[in-house]
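>>> starting from these lines, generate the structure:
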Amino acid sequence: MSFIKHRSKPDEMKVLETLNDRMNLTVKEKYDLTNLAKGFEGEQKFDEWLLTLSNEWNILNDLRFEMNNTYYQIDSLSLFSETIYQFEVKNYEGDYYIEKDTWYSIKGKEISNPFLQLTRAESLLRRFIKSLGFNYSIESYLIFINPEFHLYHAPRNQQIIFPTQLPRFMNNLSKKTSKVAKNHTKIVEQLLHFHLTESPYNRIPKYTFDGLKKGIICIKCRSFINTFNRMYLICDHCGNREKVTSAVLRSVDDYMILFPEEKVTRKVIQEWCKIVPGKTIINILSDHYKMIASGKNSHYIKSDK
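Numbers count the residues shown, from 1 in each chain. Just a heads-up that it's a prediction; the model follows:
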């Protein structure tokens with residue numbers, strides 16, 4: 001098994017997590033963050049299952065494409081011999097049921113039909129692959145990863161894999177053999193070329209630098225640290241101890257997540273970290289970033305060292 005494109009935390013999730021520490025998110029925004037975190041957790045668990053496959057499997061995660069102004073995404077795509085395997089992973093928890101092809105939570109709330117989502121993505125992917133000049137068959141599977149999930153009135157559908165079926169399903173995949181090794185280089189190059197690096201869906205709330213709470217956040221309990229102590233910062237709330245350098249670098253990362261287009265300067269990072277003196281900020285930035293000197297516009301960028 002070879003991960004050609006690894007899975008990474010969604011940018012939207014990174015931003016919402018960082019904002020959650022520094023402003024009051026709405027109930028809807030917190031709900032979105034919870035769903036993103038739960039979905040990402042489920043996808044990571046499925047990646048652990050993919051690790052059991054042989055080296056003949058080439059895997060690309062988190063693919064996003066647009067076909068005729070229609071956007072779709074694929075949680076995991078695996079290439080094996082002449083077949084493309086598409087996996088849609090759901091980390092649903094609790095009881096659900098189906099009535100007349102409509103999916104509901106046990107409380108009666110209608111939810112989007114995940115199987116229709118799978119078949120729609122498969123149709124778009126098939127047309128896309130054909131437009132690129134490749135002739136691959138496609139097998140698509142809806143994976144329910146959470147062992148606490150149950151679906152009443154579940155259809156007899158071999159494309160839907162429930163948690164109890166997952167070990168057997170992955171074992172069957174691992175037993176597949178290819179008489180002739182297939183070179184997937186060309187199709188992989190095309191898939192990566194047309195992959196959209198940014199999602200067109202934006203659920204990020206509006207925010208400004210001035211509107212966010214400043215300071216260094218405890219890595220353990222997410223409280224703001226109130227006291228600076230040369231080498232270490234100690235959280236008044238939980239007692240966690242962290243080196244100043246580590247804490248400042250984390251805070252710089254948070255700033256860059258929220259303001260990727262803005263320059264990293266000593267002044268702005270000192271204001272962002274609040275309790276750390278300017279001299280300490282300069283020393284940390286100089287040690288870990290490359291300084292671009294241009295008078296009042298001097299700033300720091302990621303260093304190769």
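>>> check the offset of stretch 262-279 from the chain's centre.
28 Å (CA atoms, centre = their mean, to the nearest Å).
>>> buried residues in it, which are they?
Going by neighbour count (16 or more other CB atoms under 10 Å), the buried part of stretch 262-279 is Val264, Thr265, Arg266, Val268, Ile269, Gln270, Trp272, Cys273, Ile275, Val276. Yep, even glycine has a C-beta here, placed from its N, CA and C like the rest.
>>> and for stretch 127-137?
Burial within stretch 127-137, assessed by neighbour count using 16+ other CB under 10 Å, is assigned to Phe128, Ile129, Tyr136.
>>> one more: stretch 177-196?
Of the residues in stretch 177-196, those with enough neighbours to count as buried (16+ other CB under 10 Å) are His184, Ile187, Val188, Gln190, Leu191.
>>> so this protein: which segments form each domain?
Residue ranges for the structural domains of the chain, counted by automatic domain parsing, are given in the record as 2-194, 232-302.
>>> now do stretch 71-88: distance from first to last residue.
Taking CA to CA, to the nearest Å, stretch 71-88 runs 15 Å from one end to the other.
>>> where do the helices sit along the chain?
If DSSP state H is used as the criterion, the helices of the chain fall at 11-22, 27-50, 114-131, 166-174, 185-194, 244-258, 266-273, 278-288.
>>> out of those, nearest to Ile160?
Evaluated with CB to CB, the helices of the chain place helix 114-131 nearest to Ile160, the distance being 6.6 Å.
>>> mind checking how far that closest one is from the chain centre?
Between the mean C-alpha point of helix 114-131 and the mean C-alpha point of its chain there is a distance of 21 Å (CA atoms, centre = their mean).
>>> which other helices and strands contact it?
If you count contacts as 3 or more CB pairs under 8 Å, 6 or more residues apart in numbering; DSSP states H and E, helix 114-131 packs onto strand 58-67, strand 70-80, strand 83-90, strand 137-144.
>>> okay, now the unreliable bits of the stretch 201-305 of the chain?
304-305 (pLDDT under 70).
>>> quick one: the domains of the chain as JSON lines, columns for distance to Leu212 too.
Converted to JSON lines, these look like this (distance: least, CB to CB, whole Å):
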{"stretch": "domain 2-194", "distance to Leu212": "4"}
{"stretch": "domain 232-302", "distance to Leu212": "7"}
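>>> what's the closest of those to Asn202?
Each of these was checked against Asn202 via CB to CB, and the shortest separation belongs to domain 2-194, namely 7.4 Å.
>>> and the closest one, average pLDDT?
Averaging pLDDT along domain 2-194 gives 94.
>>> just the endpoints, please. Distance across it?
First-to-last residue span, domain 2-194, CA to CA: 20 Å.
>>> no more questions from me, cheers.
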